[in-house]
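sequence and predicted structure below; questions after.
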Amino acid sequence: MPPLEEELFPSTPGKIKSDRLHFNSMNRTFHRCFASTSTMFLWALFLIALTASYISFQSFVTSGSRYLHHTSHNSIGDLRWEKQIRSSAQIRRQSGLTVLVTGAAGFVGSHVSVALKKRGDGVVGIDNFNDYYDPSLKKSRRSMLESQHIFIVKGDINDQRLLAKLFEIVPFTHVMHLAAQAGVRYAMENPMSYVHSNIAGLVTLLEQCKSSDPQPAIVWASSSSVYGLNEKVPFSESDQTDQPASLYAATKKAGEEITHTYNHIYGLSITGLRFFTVYGPWGRPDMAYFSFTKNILQGKPITVYRGKDRVDLARDFTYIDDIVKGCVASLDTAGKSTGSGGKKRGPAPYRIYNLGNTSPVTVPALVSILEKNLKLKAKKNVVEMPGNGDVPFTHANISLAQRELGYKPTTDLSTGLKKFVKWYLTYYGYNHGKGNSVNL
Ligand SMILES: O=C(O)[C@H]1O[C@H](OP(=O)(O)OP(=O)(O)OC[C@H]2O[C@@H](n3ccc(=O)[nH]c3=O)[C@H](O)[C@@H]2O)[C@H](O)[C@@H](O)[C@@H]1O
């Protein structure tokens, strides 16, 4: 009789009777792979460990990718990135503020950031560097801020995890919220960009602020455009603002209502600033004074809108330095948010102020000042104001801001535009865009 070993694993398969073939092959497999119960147990353990490590690797990849996007400028989420944030947030004066400035690479955002940093506050910026207008201007502003040791995180305010991470690194006392989709007429071209930044982005930011501990106080940019078709002049904060003329204005008005609910439910300290056509050095290329300057220098025509019955349009143009003072004063007087960890502990301030200049100037007068400063004649193409969201005039009553913030604008349009033109010529030179198409 062959030994058992030989029975089960015959050296010559041909010797095996066919009815035993199946049985024997099963046994062989069984013995090779799971020769004993303990081996089976080890196999099971190995499989479980493999699955677990796969799952955790996957979650590392997903969560890591949220912070570890590598950009040319910084690797979000790494140690160097955190160090830059901490250093930028450092306070260098007694009872200084720690401010998160959203839209820090923007026009108003860059100016406010520098002003805060100069007096010793901690400042961290966030900006998505979108291409609504030439991003190279935003990058230049970033370089300017870097020279003042201000770090700008590249990211969108809709990125909830990024915001959470920033608040985890720095317990911000204040948020200066200036990130927005600006521009009145562009809302007809790209309406969803206004919903994305001015509504969804705002809510994402407020959600983060309400659950932060400590909760920061928030100062944010509303707009004179909320007065819409209001005809009572000058515009006062108590006037009706329920007739917006553009989607842009409607999203800013919605922002005022949305911030009110966060103040009411969660005790967030809120200050909304209605800016009146802010202009100045490092300004926005989409705005009239900026694009007029470019076109006049290039010898290209400019389109000047005119209201009904040939009435000139007018704006309460406000110089950037005056706006910066209003922003800083708003931060200083904001009062604390009362809630913590998403719970309200008492009433918190809810304030709205006009930040204007109180002396409207017509658009043709603006053009004349530019012509004088540029020593060139504009080729004017005067057309009736299209129904694109524009309002015929704006005029701020600033007595509330004067009383409560000590706000007092000191720069008239001539002085301010002179400074703008000087900056423009230094930054772009006289020949900017001549002979090639430059994306303003
Ligand atoms: O104060 C505000 O709330 C708003 O001010 C500006 O909006 P706007 O006053 O329309 O500023 P510009 O786009 O620079 O226009 C100024 C004036 O020039 C006129 N304009 C504009 C462009 C153009 O080609 N021609 C022209 O005559 C406009 O109709 C307006 O009367 C900003 O663009 C908005 O982001 C801001 O919120």
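Sure thing, it's come through. Residues are numbered from 1 along each chain as shown.

any chance you could map the strands in the stretch 151-300 of the chain?
151-154, 174-177, 217-223, 270-275, 278-279 (DSSP state E, counting those that start in this stretch).

let me know which of the ones you listed is the nearest to residue 96.
Ranking the strands of the stretch 151-300 of the chain by distance to residue 96, with CB to CB as the measure, places strand 174-177 first at 10.5 Å. For the C-beta atoms, the positions are set from N, CA and C on the backbone; glycine is no exception.

please save the CA atoms from the closest one in PDB.
Coordinates of each C-alpha in strand 174-177 appear next as PDB, following Å, rounded to 0.1, in the frame of the first residue of the first chain:
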ATOM      1  CA  HIS A 174     -10.900  90.200  13.200                       C
ATOM      2  CA  VAL A 175     -11.800  89.400   9.600                       C
ATOM      3  CA  MET A 176     -11.600  92.100   7.000                       C
ATOM      4  CA  HIS A 177     -13.700  90.600   4.300                       C
END
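
what packs against that strand?
When contacts are defined as 3 or more CB pairs under 8 Å, 6 or more residues apart in numbering; DSSP states H and E, strand 174-177 packs onto strand 98-102, helix 107-118, helix 202-211, strand 217-223, helix 320-332.

tell me which helix or strand comes right after the longest one.
Note on helix 320-332: by DSSP states H and E, the next helix or strand toward the C-terminus is strand 350-355.

neighbouring strands - and their directions - for that following strand?
Strands that pair with strand 350-355, judged by DSSP bridges, come out as strand 270-275 (parallel).

about what we covered before: reformat the strands of the stretch 151-300 of the chain as CSV; add mean pLDDT, distance to the ligand and mean neighbour count.
As requested, those are exported to CSV (pLDDT from 0 to 100; distance: least, CB to the nearest ligand atom, whole Å; neighbours: other CB atoms under 10 Å):
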stretch, mean pLDDT, distance to the ligand, mean neighbour count
strand 151-154, 98, 21, 23
strand 174-177, 99, 14, 28
strand 217-223, 98, 3, 27
strand 270-275, 99, 5, 26
strand 278-279, 98, 7, 25
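
of all those, which one is nearest residue 290?
Closest approach to residue 290 among the strands of the stretch 151-300 of the chain is made by strand 278-279 (7.7 Å; CB to CB).

ok now do residue 388, which residues does it touch?
Contact criterion CB atoms under 8 Å, 6 or more residues apart in numbering gives 184, 185, 188, 246 as the residues in contact with residue 388.

can you put the strands of the stretch 151-300 of the chain in JSON lines and add distance to residue 311?
Shown next, in JSON lines, are the strands of the stretch 151-300 of the chain (distance: least, CB to CB, whole Å):
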{"stretch": "strand 151-154", "distance to residue 311": "42"}
{"stretch": "strand 174-177", "distance to residue 311": "35"}
{"stretch": "strand 217-223", "distance to residue 311": "23"}
{"stretch": "strand 270-275", "distance to residue 311": "23"}
{"stretch": "strand 278-279", "distance to residue 311": "22"}
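
what's the closest of those strands to residue 120?
Taking CB to CB as the criterion, residue 120 comes closest to strand 174-177 out of the strands of the stretch 151-300 of the chain, the separation being 14.0 Å.

can I get the helices and strands packed on strand 174-177 in TSV with distance to residue 373?
Written out in TSV, the entries for those read as follows (distance: least, CB to CB, whole Å):
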stretch	distance to residue 373
strand 98-102	30
helix 107-118	19
helix 202-211	37
strand 217-223	27
helix 320-332	17
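
wait, which of the ones you listed is closest to residue 159?
Using CB to CB as the criterion, the shortest distance between residue 159 and the helices and strands packed on strand 174-177 is 7.7 Å, found for helix 202-211.

residues touching residue 260, list them.
Per CB under 8 Å, 6+ apart, neighbours of residue 260: 270, 350.

what score does it have for pLDDT?
At residue 260, the predicted lDDT confidence score is 98.

how near is the most centrally placed residue in the chain to the ligand?
Of all residues in the chain, the one closest to the mean position by CA atoms, centre = their mean is residue 179, 3.3 Å from it. In this view, residue 179 and the ligand are 13 Å apart by CB to the nearest ligand atom, to the nearest Å.
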